[in-house]
Structures are given as structure tokens and as C-alpha cells.
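>>> no sequence on this one, just coordinates:
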């Protein structure tokens, strides 16, 4: 038997499989295994073993390596061009009105949750795949309560509600998913908390991972587990912060395919994320805006337990806790389309989902929303305290209501505003911008956090100007950026006067022409001079 005939026979053996591909072009084989079916990526070790075993069963010998490779290449082509496109899920799949969860058990029986409750079904509508390290979830028990998990976690009541919210959010088949940031001193059970949470809804041989060295490592972790849990994170570089934001709320990743020059490997998915560490490592405002910040107090020595005792007790209640989570999820499915919040936060879908589940959790309406918004305020404060720019802008606007000028003028004013003993440290700081466009970029990133603390920006003014205000409504802005500074020279003051509108006369102070209000697409009114073209200010339209 030559290699070509072996390859043909291997392709024939695969006729028992269903060959499919996903939206990213990755090919899979859905193979029979006893009374159920399993999904394997073509070319993976799992499929190679299955195909080799079937060949041995049929012919009593092992196939050649080259024949196996040739057969898999042919099957990949058939899956790509003849197989249907199928959505392949990992651990959690389905839709918001019918969620399916792969328990990870030997018979591949899934949990199905809809508005009427939850139960185990012999066959899932969703095609699930399993990765190396995936472990079975605890068998869910009816009549359980998530409150049985509470004694195992070292949490305040407010942070307990956030943890419950993160767990329920992680059972949604689509995001956005908040990033759970767990901090505390040594011995406050940060790692144990993360292991318990992951052991409940996505058990894995390696539940905690070290921070990735590059984006490709992060993609691999997200592609091989439903939950991404990073251990002992002391510093989050900018690239990792941006990648975690995309992973939480949606965004594509790509990397060069191995052994190729121009082909890409694409990954487009959302994942629940957990971080833990001693320090509050999340500093960039966009990551904090997606975060749930949980701080753990120190555990007294008398309250400590051994690992063996902890996990033995957890195994006894895990099924009841999971059953309580599934009950709450069914309640969320039933009512989330009817929920209306007074105002929508950044992670609006997540907040609505939790509001829909509150009655099943025994919480009064609005309980989670209150805890979530309070946590958001803490995140805003952390974002401000993590940024030297935000601190200086906050101090700069402390005794001002409005300011108008260019980014260059603002940078000059902020530089002058530094106390003499801080100027040297400012020059050495990585966080401090050295050029106006860098300052503008940092302000755009920090604008949502500063806005919730009462400082608002406008970046769309003519002549590349920006406006800042701390009053409740925009009024005519007075261009005081340089003229107010005692260190400004006469030419600065003269230039500032050209930007200042006389509120009493209502005319342009540069040429005296009557100002004209021009509406902007976002509902504001710019005050422009029709003669010299200068912008005198802006105000909010009634």
C-alpha cells in the first residue's frame, strides 16, 4: 500500500465525519464517538489521533505520517469549500433567549437555559469544541442558592454583589463582559477567590496564568479558555490594557500564521477577564471604565483554613451555587427586554442583565445598579489618581469655571502651574506629555472620568481650540488660558484679549462685529465672528 492510497483511504474513513468551517475560516470535523459527537479542529492532535485510530481499526496498521498529513490537507479543503459555515462555541454558546453551556462531562450533555428555567438536554443546538485543560463543571443542583458561596469569599457586601454580577455576566454567550480586578495585600485570598470563581463556571487544569508577554500569548489564552484569568499582575503596559479592552467589549486580533509569510490567523471573540494582584494595576481610564474593582481585606490568622478543608467544603456546595446561578440566568432571560434604567452606564447590556436577575437573587430593584455606579465612581478616582495629567488638570480648574485655548496654550499653562519642586520630577515622568498633541490625546482618553467628576471638555471647536468647564452649563467661554497666569507676558495677554468676547456688548472684541450663533451637529452653538472668523465661545443649545 503506497502513501497515496493510504491518504485516499484516510479521506474515505472521514466520510463518517461532518466537515464544517467557522466565520474565520478555521476548519473542524464533528466526529462520532459512541452515543455522542465531538468537535475537533482539523489538524489538531485530537483529530489526528481519532483518524489514526480509525485507520488502525480498519486495516490493523498505523498510517504513514505523510499520508496522514496529505489526508488532512484534503479534508481541510473539503471543509472550506463544501462544508457549511457553523458557529463553534467554547463552554458558553447559544443566544440571549436560549443559552447553552457545555458542562464538560464525558457524554457531552449541555445545560440549556431559557425563560422557563434550565435543564440538561441530550443534544445541543450549539456546536461546542473543547480545548486542552478544560475540566467538567460541577453538576448543577436544583433549589440551590448562590448565597452558599458567600462564606468562602473574603468580601464586603458591596463587593459581593459585584462578584455575583460578574459571574452572571460571564454566563452570557455574548458580551460586553466587565473586567474583574481583584486587589488586596498578601494573604487576602486573591488567588483563591479567582480559583473558586473559575472553578464554578469554567474549571481548567491551569485556572490562573501569568501575564502574557505579547498579544499573541493573550490570543492563545483566550482561544483556549472561556475565562482569561491573569495572576499576580503588578503592572499593565499600554498594549495589554488596550488588548484587554478589546477582549472584554469586542474586537479582532490577528497574528502571522506559522510557517507563512503573508497569511493571518484571525481571532474575533469576547471573553470574561479576571485580574488579581497586590497593587491596583489597572491605571488607564478605558480599562477602568470596563472594570469591576474589588478590594479584599486581610484575613485574620484565626479565620484561616487549609486548602484541603476549603476545597472539600466547596465541592459540597458548588452544584447548589451553580444551580442558583442558572436560576438567576433564567430570570434574566425572561425579563431583560423589559428592564429600563434611568440612565445607562458604559457597560449597559451587562447592567440591564443584572437588573433583570435581581428578584431571583433576593435583591430589591436597583440594588446592583447602586453598587455598580458606586464602583464606577471609585474607578474614576483611580483613573484620575493614576494620571499626572488628570491630577494637574483637576488642580488647574479648581478655581476656574471655564477655559478656552489651544492644546499648546494649555500645556504651557499646566507647565507653569507646577510647583518649583515638582518641575524636575514632572520632566522625568513618563506620564507627562512633552508635546501638545500628546496632551490632547491623553485628555480625550481621560475625558469620561473627568466628566463624571464635574470637569467637561469640548474638542470640536474651530481653530483647533479646546474648551474646559466646571459649571453646570456651557456659557460664553472667556479664553482666559494665558491672560490669567501671573507669569504671562504682555504679548500673551494681548493675544488672549483677541480671543475674549465681551459679555456685556455681545460683540467680537477683536473687530467689534456682531457674533453669530452657528449650530453644530451634536446640539451645541458656536459663537463665531463673521468678519474675522474667530471663535468667541460656545454654549449648550436649549
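Cool, got the structure. Since the structure is predicted, the reported quantities are computational estimates derived from the model, not experimental observations.

>>> residue ranges with poor pLDDT in the protein?
Confidence mapping of the chain against pLDDT under 70 gives the ranges 1-4, 252-267, 283, 417-430, 471-515, 518-542.

>>> quick one, domains of it?
Following automatic domain parsing, one finds the domains of the chain at 3-86, 146-382, 387-540.

>>> In a markdown table, list those domains along with mean neighbour count and distance to residue 108.
For every residue, glycine as well, the C-beta is placed using N, CA and C. Converted to a markdown table, those look like this (neighbours: other C-beta atoms under 10 Å; distance: least, C-beta to C-beta, whole Å):
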| stretch | mean neighbour count | distance to residue 108 |
| --- | --- | --- |
| domain 3-86 | 16 | 4 |
| domain 146-382 | 18 | 16 |
| domain 387-540 | 16 | 44 |
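
>>> which ones are touching the residue nearest the centre of the chain?
Nearest to the geometric centre of the chain sits residue 248, at 2.2 Å (C-alpha atoms, centre = their mean). Contacts for residue 248 (C-beta atoms under 8 Å, 6 or more residues apart in numbering) come out as 175-179, 270-273, 290.

>>> and the gap between residue 385 and residue 394?
For residue 385, the distance to residue 394 equals 10 Å [C-beta to C-beta, to the nearest Å].

>>> actually residue 438, sorry about that
With C-beta to C-beta as the criterion, residue 438 and residue 394 are 19 Å apart.

>>> got it, and residue 435?
In terms of C-beta to C-beta, residue 435 sits 21 Å off from residue 394.

>>> try residue 47
Between residue 47 and residue 394 the distance, using C-beta to C-beta, works out to 57 Å.

>>> and if you look at residue 342?
27 Å.

>>> What segments of the stretch 301-450 of the chain are helices?
307-335, 348-361, 367-385, 388-396, 407-417, 420-428, 436-452 (DSSP state H, counting those that start in this stretch).

>>> export the ones you listed to JSON lines and tack on distance to residue 59?
Below are those laid out as JSON lines (distance: least, C-beta to C-beta, whole Å):
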{"stretch": "helix 307-335", "distance to residue 59": "45"}
{"stretch": "helix 348-361", "distance to residue 59": "53"}
{"stretch": "helix 367-385", "distance to residue 59": "61"}
{"stretch": "helix 388-396", "distance to residue 59": "70"}
{"stretch": "helix 407-417", "distance to residue 59": "74"}
{"stretch": "helix 420-428", "distance to residue 59": "72"}
{"stretch": "helix 436-452", "distance to residue 59": "63"}
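
>>> Determine which of those approaches residue 141 most closely.
Residue 141 lies closest, by C-beta to C-beta, to one member of those: helix 307-335, at 4.0 Å.

>>> what's the angle from the closest one to helix 348-361?
Angle, helix 307-335 to helix 348-361, by axes from the mean of the first three to the mean of the last three C-alpha atoms, to 10 degrees: 100 degrees.

>>> any idea how far helix 307-335 is from the chain center?
Relative to the centre of its chain, helix 307-335 is centred 24 Å away, using C-alpha atoms, centre = their mean, to the nearest Å.

>>> And that helix, what does it pack against?
Other elements packing on helix 307-335 under the criterion 3 or more C-beta pairs under 8 Å, 6 or more residues apart in numbering; DSSP states H and E are strand 98-102, strand 110-114, strand 117-120, helix 157-170, helix 190-201, helix 348-361.

>>> any chance of these in a markdown table, plus distance to residue 314?
Converted to a markdown table, the helices and strands packed on helix 307-335 look like this (distance: least, C-beta to C-beta, whole Å):
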| stretch | distance to residue 314 |
| --- | --- |
| strand 98-102 | 19 |
| strand 110-114 | 20 |
| strand 117-120 | 21 |
| helix 157-170 | 14 |
| helix 190-201 | 6 |
| helix 348-361 | 20 |
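
>>> Indicate which one of those is closest to residue 129.
strand 98-102 (8.7 Å).

>>> Please identify the pairing partners of the closest one and their relative orientation?
strand 92-95 (antiparallel), strand 110-114 (antiparallel) (DSSP bridges).

>>> Outside of that strand itself, list whatever touches it.
Residues from elsewhere that reach strand 98-102 (C-beta under 8 Å, 6+ apart): 89-94, 108, 110-114, 124-126, 128, 130, 137, 171-173, 329, 333.

>>> Please compute how far the one helix or strand residue 78 maps to lies from its chain's middle.
Using DSSP states H and E, residue 78 falls within helix 65-81. Mean-position distance between helix 65-81 and its chain equals 37 Å (C-alpha atoms, centre = their mean).
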